[in-house]
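> What follows is a predicted protein model with its sequence.
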Amino acid sequence: MLRVVHLSKTPLAGSPIRIVNALNRHTSVKARLINLNPLAYGARTFEEDLLWDTDREACLEVIRSADIVHLHHAFDVLQPLGGIDLRTKQLVRQHHSCPVNQRGERLPDEAAFDAADVPRLVIPNCAERYFPAARVVPNIVPLHDAAYCPVVRNDEFVRVAYSPSFLHSAWGPPPSLVRWDTKGRPEIERLLRAAVHHDARISPLIITNVAHRECLRLKQASDVAIDDLVTGGFHLNSFEALAMGLPTFCFLDGRSTEMLRQLTGAADLPFVNLRLEEALDPLLHLAKNRDLREEIGRASRDWMLEYYDDAKMASHYVQAYVDLLEDPSRLRVRRFDPMQRKVHWDTVLKFDLAWSSRGCFAKPDDGEVEDSRTFPRVVLFGASTGGARAMDQCSGRSRVVCFVDSDPSKQGTLYCGVPVCRPEAILGVEFDYVIIASVYSADMLRQLQQLAIPARRIRIWSAGQSPIDATTDS
């Protein structure tokens, strides 16, 4: 019997515990999970197994007896854990998210972990494209658990469930975070308000800060689910809703679609695959057509049973463990070469640029009063250190739609996760202010004047100021 202990620093949206449960239920692997911080999300708690703080001796015993230690976060394997040298164990690391922030910097814990020569696994959402030498494995949901099964929904309202994990706007994660750290909550709330305006039977259900079991109960009683219409990735939330037989709105970009097809072998995917800006009319149509909603829901559940059965998904992990023990190099096979410019374009860059470009032209619906969550749109002049600092200062008060820079080598690239354009491109962008963030402010101001940008829309920023509050006299 193979013994595998999973180590996690947070609940990770319940991903590790569901993998562990599936291994124990459907395979001969004996799996345990140790979570170092089960309350990392506050009231958003998940099912747990062993807790590091309260079950210390049991935790140490399962680590000592394990054949494999499966890491879900970047643990410092050079430092003993509870007196145990993890390097004496066969290690594997699973990645669940993007390791690079919008400045192009590797996140600190990931940078430290890179020095460890540990075979890697990665889930096929946004994370996969950043780990070319990691084997792709699935997240798992227990399809036959009663909490994940369809229920009869019989009343006059059309409940639309949405459970965001982040507060950031669609194009508003600060530069220190990754661009995927959003589900566009303000924009989705605006979409739902518009839907209610058109059809009073629509009843939005925004689920936040509740235990996972309660979240599942509320979602299960809904008629439609919305996951992520912004980033191009997908989440466990989608698979939960699909298992429940709900039409599930989620935008998957080309890379996410390709990887999920490869993993499952399915030619077609069950998502209502639409971007945020495309979703209103389809949502209204489904609200009015119950028979169509139910038909899509049944097809969603059927797809999960055929292509995403939890026993089948657990077998991916069993094979990874066998390969790890027999020949770890099998888990280091490079699936693509990110150093080739065309490959990088096809796997990462074109999707990042498309996401940023959508932000350039995003604006509230005409006639809607903007609230504190709808920030001024700014263009930053100067894709340099000063621009990055100004962008940090903008976080929480405005939305950076693009940089402009006179350097041709920077134009057409990303800086801090945002497109860099020619100064003339300002004329085709929806913006409220142009913020000059460079020591060459006099030259930049002249360029803006030549483009006939009104002085009231120009700000010259210096360190310590709020960019919006700066003036052309700074």
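All right, it came through fine.

> Would you map the helices across the stretch 351-474 of the chain?
For the stretch 351-474 of the chain, the helices defined by DSSP state H, counting those that start in this stretch cover 385-394, 441-450.

> Between those, which one is closest to residue 418.
Ranking the helices of the stretch 351-474 of the chain by distance to residue 418, with CB to CB as the measure, places helix 385-394 first at 7.5 Å. From N, CA and C alone the C-beta is placed, and that goes for glycine too.

> and that closest one, what does it pack onto?
With contacts defined as 3 or more CB pairs under 8 Å, 6 or more residues apart in numbering; DSSP states H and E, helix 385-394 has these neighbours: strand 377-381, strand 399-404.

> Return the member of those strands having the minimum mean pLDDT.
Between those, the lowest average pLDDT goes to strand 399-404, which shows a mean of 83.

> Run the angle between that strand and helix 385-394 for me.
Relative orientation of strand 399-404 with respect to helix 385-394: 170 degrees, computed using axes from the mean of the first three to the mean of the last three CA atoms, to 10 degrees.

> Now do strand 399-404: distance to the chain's middle.
Per CA atoms, centre = their mean, to the nearest Å, the displacement of strand 399-404 from the mean C-alpha position of its chain is 21 Å.

> Convert it to CSV, retaining C-alpha atoms only.
Output for strand 399-404, consisting of C-alpha atoms alone and laid out as CSV, is shown next (Å, rounded to 0.1, in the frame of the first residue of the first chain):
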residue,chain,number,x,y,z
ARG,A,399,-7.7,51.5,-13.0
VAL,A,400,-4.6,51.6,-15.2
VAL,A,401,-5.8,50.8,-18.8
CYS,A,402,-2.4,51.0,-20.5
PHE,A,403,1.1,52.5,-20.5
VAL,A,404,2.4,54.7,-23.3
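
> Can you point out the buried residues in stretch 210-228?
Residues of stretch 210-228 classed as buried under the neighbour-count rule (16 or more other CB atoms under 10 Å) are 212, 215-216, 218-220, 222-228.

> coming back round to it: closest to residue 159 out of the helices and strands packed on helix 385-394?
For the helices and strands packed on helix 385-394, the distance to residue 159 is smallest for strand 399-404, at 30.4 Å, taking CB to CB.

> nearest to residue 129, of the helices and strands packed on helix 385-394?
Between residue 129 and the helices and strands packed on helix 385-394, the shortest gap by CB to CB is with strand 399-404, which sits at 22.5 Å.

> Output the contacting helices and strands for the closest one.
With 3+ CB pairs under 8 Å, 6+ apart as the test, strand 399-404 has helix 350-361, strand 377-381, helix 385-394, strand 418-421 packed against it.

> Name the surrounding residues that touch the shortest one.
In other words, strand 418-421. For strand 418-421, the surrounding residues in contact (CB atoms under 8 Å, 6 or more residues apart in numbering) are 102, 353, 356-357, 360, 380, 383, 391, 400-405, 410-414, 429.

> circling back: closest one to residue 313 among the helices and strands packed on helix 385-394?
Evaluated with CB to CB, the helices and strands packed on helix 385-394 place strand 399-404 nearest to residue 313, the distance being 37.9 Å.

> So which of the helices and strands packed on helix 385-394 is nearest residue 144?
Each of those has some distance to residue 144 by CB to CB; the shortest is strand 399-404, at 43.6 Å.

> Can you pull the domain assignment for the chain?
Using automatic domain parsing, the domain parsing of the chain gives 3-140+311-332, 146-308, 356-362+374-469.

> Do a quick rundown of the strands in the stretch 201-350 of the chain.
Counting by DSSP state E, counting those that start in this stretch, one finds strands in the stretch 201-350 of the chain at the ranges 202-206, 224-226, 248-249.
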